[in-house]
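Visitor: sequence and predicted model, in that order:
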Amino acid sequence: MAVNGLYVAAASTAASAAALQWWAASLLDAPPAGGDGDRDGDWLSAVLGSHVTVALLANLVAHVFLVLVLALKTLFFVQLTSSETRKVLEHIINYVLYKGTFLPLVVPPNSQQIVLWSTWLGILCSLKMFQSLARERLEQLSASPSVTPPKYFRVYSALLLVLSADLLWIKLCVGFCKSCNSKLFGFCFLSHLVLPLRQCR
């Protein structure tokens, strides 16, 4: 089931990439709006100036991120049990509802802020998902006396990935906060700081 979901996501990503390529090619093949002039110098602005292009590009990025998450989940946890799936879905829904209702109250309503905070929410939610899965799987492995070391290695590798990605994101958040000099982005740092503390418990 997990592998089939990964295949479906990969096929959907390939279709999204093909749609984006077709749309960009159709924009470049169309004559300029003024009827004269060369588009070779401003082809990038011509492509990115379309709202459809931006939507297709955002769709492709979301698909690539989904494939990456599913591939890592399959690599570290192979097949999830029904209880693991239910608990992870509950954690994700609760977290998205909590952050999704809080962020619109503090985030300025412009496209750059929306993209930035949507990326932040997706990455943090994925890290929390892997952390929750690892803790659930460790509890199951500890209750089973016939567990092989490779199974423990997979789970601890997932925790190491979460810790490494979180430390890298904290470093990026600190650098970004210094460059923009805004206290609002300190929330990025504080939210990710909680993950390593929870892993140490």
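Guide: Looks like it arrived, so ask away.
Visitor: tell me where the protein has helices.
Guide: Here the chain has its helices, by DSSP state H, at 2-29, 43-48, 51-77, 82-106, 111-143, 149-180, 186-199.
Visitor: with mean pLDDT and mean neighbour count as added columns, please give these in CSV.
Guide: Yep, even glycine has a C-beta here, placed from its N, CA and C like the rest. Below are the helices of the chain laid out as CSV (pLDDT from 0 to 100; neighbours: other CB atoms under 10 Å):
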stretch, mean pLDDT, mean neighbour count
helix 2-29, 82, 14
helix 43-48, 63, 13
helix 51-77, 87, 16
helix 82-106, 79, 12
helix 111-143, 82, 16
helix 149-180, 81, 15
helix 186-199, 54, 15
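Visitor: name the nearest residue to G5, sequence neighbours excluded.
Guide: Once flanking residues are discounted, G5 sits nearest to L70: 6.1 Å by CB to CB, 6 or more residues apart in numbering.
Visitor: please report how far that neighbour lies from H51.
Guide: Distance from L70 to H51, counting by CB to CB, to the nearest Å: 29 Å.
Visitor: check L172 too.
Guide: Distance of L172 to H51, computed by CB to CB: 28 Å.
Visitor: swap in L127?
Guide: 31 Å.
Visitor: and what of V162?
Guide: For V162, the distance to H51 equals 36 Å [CB to CB].
Visitor: now T81: closest residue in space that isn't a chain neighbour?
Guide: With sequence-adjacent residues excluded and distances taken as CB to CB, 6+ apart, T81 is closest to Q140, at 7.7 Å.
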